[in-house]
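>>> fold the following for me, if possible:
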Amino acid sequence: QLAVQSPQIYAPSVSFVELRFSFKDDNNHPLTLSRTDVTFYDFDASRSGNVRECIAALGASSTILPPQSTLEPINVRQLSAYTHPHPVELDELTRTRPYETALCGTDSGVGADNPTNPSTLTALERSRAVMYSFEQTNHFDVIFAVKREVPATQCCGPRNSRILLFSGYSDILGIPLCPY
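You can find the predicted model right below:
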């Protein structure tokens with residue numbers, strides 16, 4: 001079960017989720033945008049390093065990381081090793097859709113270091129963020145995954161929930177907001 005509290009998604013004890021972000025006009029018809037930017041924040045790891053938050057985007061025209069990024073690119077198929085209880089479902093998803101690279105957090109973090117404003121990110125907040133650009137689209141898909149280096153029974157309990165934070169364009173590169 002997911003709870004959406006814009007602009008965050010609370011995912012208790014989930015291993016992965018594929019999310020579709022759709023753009024609609026006032027009549028609920030698909031609305032094609034010439035370009036949109038979406039930033040995802042706070043990809044970090046547990047203190048032990050056994051749990052890492054990861055993201056992969058489908059159809060992005062560009063992936064923007066800050067110079068001091070702490071996110072590690074991995075092949076998206078590496079996510080499924082310990083996505084208990086659904087490794088087969090994630091394997092099938094990554095085989096049938098053209099996801100290729102995931103980005104995973106490497107630094108340990110706590111809830112108190114989450115960003116609060118996309119226009120005034122700290123160096124730490126920038127280092128744990130990624131911005132994707134999408135062109136000529138009315139939707140995009142992302143996989144949000146928790147990569148476990150050990151089985152969930154050895155590292156994780158109900159208190160190990162993850163929060164996916166996102167916004168539109170951000171100052172991930174220290175560039176003033178709204179470049180258009």
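>>> output the lowest mean pLDDT helix or strand found in this structure.
strand 3-5 (a mean of 41; mean pLDDT, DSSP states H and E).
>>> what about the residue nearest to the spatial centre of the chain, which helix or strand?
With distances taken as Cα atoms, centre = their mean, I55 lies nearest the centre of the chain, 3.7 Å away. Following DSSP states H and E, one finds I55 within strand 51-58.
>>> that strand - contacts with which helices or strands?
Counting contacts by 3 or more Cβ pairs under 8 Å, 6 or more residues apart in numbering; DSSP states H and E, strand 51-58 is packed against strand 101-104, strand 139-148. Glycine gets a C-beta too; all of them are placed from N, C-alpha and C.
>>> which of these has the lowest average pLDDT?
Of all these, the segment with the smallest mean pLDDT is strand 139-148, scoring a mean of 85.
>>> that strand pairs with which strands, parallel or anti?
strand 16-22 (antiparallel), strand 51-58 (antiparallel) (DSSP bridges).
>>> got the CA coordinates for the longest one in CSV?
Written as CSV, here are the backbone C-alpha positions of strand 51-58 (Å, rounded to 0.1, in the frame of the first residue of the first chain):
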residue,chain,number,x,y,z
VAL,A,51,19.9,-1.1,2.2
ARG,A,52,20.1,1.4,-0.7
GLU,A,53,17.5,3.5,-2.3
CYS,A,54,17.5,3.4,-6.1
ILE,A,55,15.7,4.9,-9.1
ALA,A,56,15.5,4.2,-12.8
ALA,A,57,13.6,6.4,-15.3
LEU,A,58,12.1,5.2,-18.6
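>>> that one - what's its average pLDDT?
Strand 51-58 carries an average pLDDT of 87.
>>> as a quick check, tell me the outermost residue of this structure.
In the chain, counting by Cα atoms, centre = their mean, N27 sits farthest out from the average C-alpha position, at 29.1 Å.
>>> is that residue in a helix, a strand, or coil?
Put simply, N27 is coil when judged by DSSP: H, G, I helix; E, B strand; the rest coil.
>>> for the strands paired with strand 139-148, which one ends up most surrounded?
Among the strands paired with strand 139-148, ranked by average contacts under mean count of other Cβ atoms under 10 Å, first place goes to strand 51-58 (a mean of 22).
>>> low pLDDT regions in this structure?
Residue ranges of the chain with pLDDT under 70: 1-14, 49, 80-99, 149-162, 176-180.
>>> where exactly do the strands run in it?
Secondary structure of the chain (DSSP state E): strands located at 3-5, 8-11, 16-22, 33-41, 51-58, 62-64, 72-75, 101-104, 130-137, 139-148, 162-167.
>>> what about the nearest residue to I64 once chain neighbours are set aside, neighbour count?
Excluding its sequence neighbours, the residue lying closest to I64 (Cβ to Cβ, 6 or more residues apart in numbering) is M131, at 4.2 Å. A count of nearby residues for M131, using other Cβ atoms under 10 Å, gives 25.
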